[in-house]
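K.L.:
sharing a sequence plus its predicted fold:
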Amino acid sequence: MSKKVLITRVIPSIAYDSLIAAGFDVTVWERDTPMTQAQLIEQTKKVDALLSLGANKLNKEFFSACNHLDIIAQFAVGYDNIDVAEATRLGIPVGNTPDVLSEATADVAFGLMIATSRKMFFHHKTIERGEWKQFEPLKNLGVQLTGKTLGIFGMGRIGMVMAQRCQGAYNMNIIYHSRNRNIEAEKLFNAKWVSFDELLKESEVLSVHSVLSEETQGLFNKSVFSKMRRSAIFINTSRGGVHNEKDLIDALREGTIWGAGLDVTNPEPMKADNPLLTMPNVAVLPHIGSATEEARTGMARIASGNIIEFYKTGKMLHCVNPEVLKN
Ligand code: GLV
């Protein structure tokens, strides 16, 4: 009998098409809002494999009802919505979709850095309000990026592309802090590993590319912002949970740091009356890091490929808990 797969939102059709071509029985949640937890559990109970999205909370409650799953294939590189320890305990492999979205996500970080440094979103809004009256020699000046020090927090695949962009475009000096040294980044960009405190002290632009974990949850808070330069620009395209948003608002209001560019907020979605949206030195986007045709198609190809490969060979294209895979 065919294995049953649930895809929890409509994603690029390559996922559905390749699963069908490989003989799977596929159900897609076709509504344009995510499933509630009850709907997710009810629908998952009927299938063998789950193709999940970040909005699905695969927590202890979920796993106690759905411990029968053969495999979870996440349509994202991040998987902080999944209790991977619990999946591992149950012997359920979890796949993700790295690489294909690194360029797209780094582009958003790079774009936010420029937009913030020149207050672009703010200036755009002044035109919409009919406030563009004349050339202003002294007002709303931004800062130049050439030769500045870029601090990368989390030098993984996306951090590497951001470093490449910033060095190529602005000859920026690259420092980074990661759990592990990234020798390739050191060779390619002359990037220097520094302690977390040094990263805060030296970065003129600090860009977050880490995972959200117990260690990074709320890490960028009042005390951390107070150790940064008053001229610093904070960029976050990883997860909103890595920064404390109230503390970020205070740091910007009080001039503890200079500006911020966010593709991820805390909570998401951000409310329309959030004070960050009216601050000149802030640029906010609605979590669009991987939102290109190419990246989303690649993510759909890998997520479905993880399921197909798992049933065919017992292996996966990208698995975050490979210890549960046999051999
Ligand atoms: C998007 O946020 C992802 O983790 O892929």
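P.N.:
All right, it came through fine.
K.L.:
W29 contacts I11, correct?
P.N.:
No - contact criterion C-beta atoms under 8 Å: W29 and I11 do not qualify, at 10.3 Å. C-beta here means a position set from N, CA and C on the backbone, and glycine is covered the same way.
K.L.:
what sits closest to the spatially most central residue of the chain if chain neighbours are left out?
P.N.:
For the chain, S238 is the residue whose C-alpha lies nearest the centre (C-alpha atoms, centre = their mean; 3.3 Å). Setting aside the residues directly before and after it, S238 is nearest to V208 in space (C-beta to C-beta, 6 or more residues apart in numbering), at 5.0 Å.
K.L.:
contacts only, for the one you found.
P.N.:
Residues in contact with V208 (C-beta atoms under 8 Å, 6 or more residues apart in numbering) are 153-154, 220, 234-238, 242-243.
K.L.:
just the residues you listed: which are in strands?
P.N.:
153, 234-236 (DSSP state E).
K.L.:
pull the CA atoms of stretch 195-202 into CSV?
P.N.:
Coordinates of each C-alpha in stretch 195-202 appear next as CSV, following Å, rounded to 0.1, in the frame of the first residue of the first chain:
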residue,chain,number,x,y,z
SER,A,195,34.5,36.2,21.7
PHE,A,196,30.9,37.2,22.0
ASP,A,197,31.9,40.3,24.0
GLU,A,198,34.4,41.3,21.4
LEU,A,199,31.8,40.9,18.7
LEU,A,200,29.6,43.3,20.5
LYS,A,201,32.3,45.8,21.1
GLU,A,202,33.8,45.8,17.6
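K.L.:
now it: average pLDDT?
P.N.:
Stretch 195-202 shows a mean pLDDT of 98.
K.L.:
list the contacts of it.
P.N.:
For stretch 195-202, contacts defined as C-beta under 8 Å, 6+ apart pick out 149, 151, 153, 175-177, 194, 206, 224, 227-229.
K.L.:
buried sites along it?
P.N.:
Within stretch 195-202, the residues that qualify as buried are 199-200, 202, counting by 16 or more other C-beta atoms under 10 Å.
K.L.:
tell me the one of the residues you listed nearest the ligand?
P.N.:
If you rank the buried residues of stretch 195-202 by distance to the ligand using C-beta to the nearest ligand atom, L199 comes first, at 22.5 Å.
K.L.:
then the closest one would be within a helix, right?
P.N.:
Yes - L199 forms part of a helix when assessed by DSSP: H, G, I helix; E, B strand; the rest coil.
K.L.:
residues from the stretch 51-200 of the chain in reach of the ligand?
P.N.:
54, 76-78, 101 (C-beta under 6 Å from any ligand atom).
K.L.:
please tell me which one of the residues you listed counts the most neighbours.
P.N.:
V77 (26 neighbours; other C-beta atoms under 10 Å).
K.L.:
list the residues that contact N140.
P.N.:
N140 neighbours (C-beta under 8 Å, 6+ apart): 119, 122-123, 280.
K.L.:
which pLDDT does the model give the closest residue in space to Y16 that isn't next to it in sequence?
P.N.:
Excluding its sequence neighbours, the residue lying closest to Y16 (C-beta to C-beta, 6+ apart) is V26, at 5.7 Å. Per-residue pLDDT puts V26 at 98.
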